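**Q** Coordinates for the following, if possible.
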Amino acid sequence: MSGSRPLFLLIATIALSVGAFAFTFTVPLQHRSVASPTRSSVTLRMGMFDGIAKAFSNQDFKEQDQQVRASHILIKGQDDDIMIKKTFRVMREMNERIAAEPDNLRQIFAEFARRESQCPSAAQGGDLGLFGKGKMVPEFDEALFPDDLERVPPPGAVVGPVITDFGCHVILVTERKENNDQVEEKLARND
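**A** Presented below is the predicted three-dimensional model:
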């Protein structure tokens, strides 16, 4: 084993100076207080293979490009306490109606959006259309596209209040899907 160490050090020194490859190796370490050797894994990442890996990845195209169709109710106000109280009042009223008519969730939400929302989308029942992560404010991304897959709200979920610079939002997830048209969208954008 001791004869292979100088060769290994020579190869590692050349690789470091050239920056030519990435590799993982395991080196036995002797500890004076422990009779048996232990192993430590070290990973070195260098230029050439990193460049090759980047050539096969494309940040424009993601494996799981989620999209969601959602509607919302926006409550604006100067006083945060009043705005939040009004949002909870709307949510309570809506919850009572939905409990009485659970099959009419979308219609009830749209009715409340038309009546209570202070967003131009109120005329369409609060419908925001189909959108992906990064298209709305970051607080929407946190609520609708959480990193923890257990917390992803399914269609039919009412999420809120979500507080943004615009005000308090109550969001209804109406559809969730994978974006399978990424190539067509990229070509249509022509960038």
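
**Q** quick one, what contacts residue 77?
**A** By C-beta atoms under 8 Å, 6 or more residues apart in numbering, the contact list for residue 77 reads 83, 86, 167. (Glycine included, C-beta is placed from N, CA and C.)

**Q** and the first one, what pLDDT?
**A** According to the prediction, residue 83 has pLDDT 92.

**Q** and residue 75, bridged to which residues?
**A** residue 168 (DSSP bridges).

**Q** okay, how far is it across stretch 144-152, tip to tip?
**A** Across stretch 144-152, the straight-line distance between its terminal residues is 6 Å, by C-alpha to C-alpha, to the nearest Å.

**Q** in that stretch, what's buried?
**A** By neighbour count on 16 or more other C-beta atoms under 10 Å, the buried set for stretch 144-152 is 144-145.

**Q** what does it rub up against?
**A** Contacts of stretch 144-152 (C-beta under 8 Å, 6+ apart): 66, 68, 70, 133, 136, 153, 159, 171, 173, 176.

**Q** that older thread, now that we have the contacts of residue 77, can you turn them into a markdown table and tack on distance to residue 127 and neighbour count?
**A** As requested, those are arranged in a markdown table below (distance: C-beta to C-beta, whole Å; neighbours: other C-beta atoms under 10 Å):
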| residue | distance to residue 127 | neighbour count |
| --- | --- | --- |
| 83 | 22 | 17 |
| 86 | 21 | 18 |
| 167 | 18 | 21 |
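
**Q** got the contact list for residue 123?
**A** So residue 123 contacts residue 114 (C-beta under 8 Å, 6+ apart).

**Q** that's a helix at it, yeah?
**A** Yes. Per DSSP: H, G, I helix; E, B strand; the rest coil, residue 123 lies within a helix segment.

**Q** By mean pLDDT, flag the weakest helix or strand of the chain.
**A** Here the helix or strand of the chain ranked lowest by mean pLDDT, DSSP states H and E is strand 23-29, holding a mean of 39.

**Q** buried residues in the helix or strand where residue 171 lies?
**A** Assigned by DSSP states H and E, residue 171 falls within strand 167-178. By neighbour count with 16+ other C-beta under 10 Å, strand 167-178 contains the buried residues 167-174, 176.

**Q** Also stretch 81-100?
**A** Neighbour-count burial for stretch 81-100 flags 83-84, 86-87, 90-91, 94, 97-98 (criterion: 16+ other C-beta under 10 Å).

**Q** Give me the longest helix you can find in this structure.
**A** Secondary structure of the chain per DSSP state H: the longest helix is helix 80-100.
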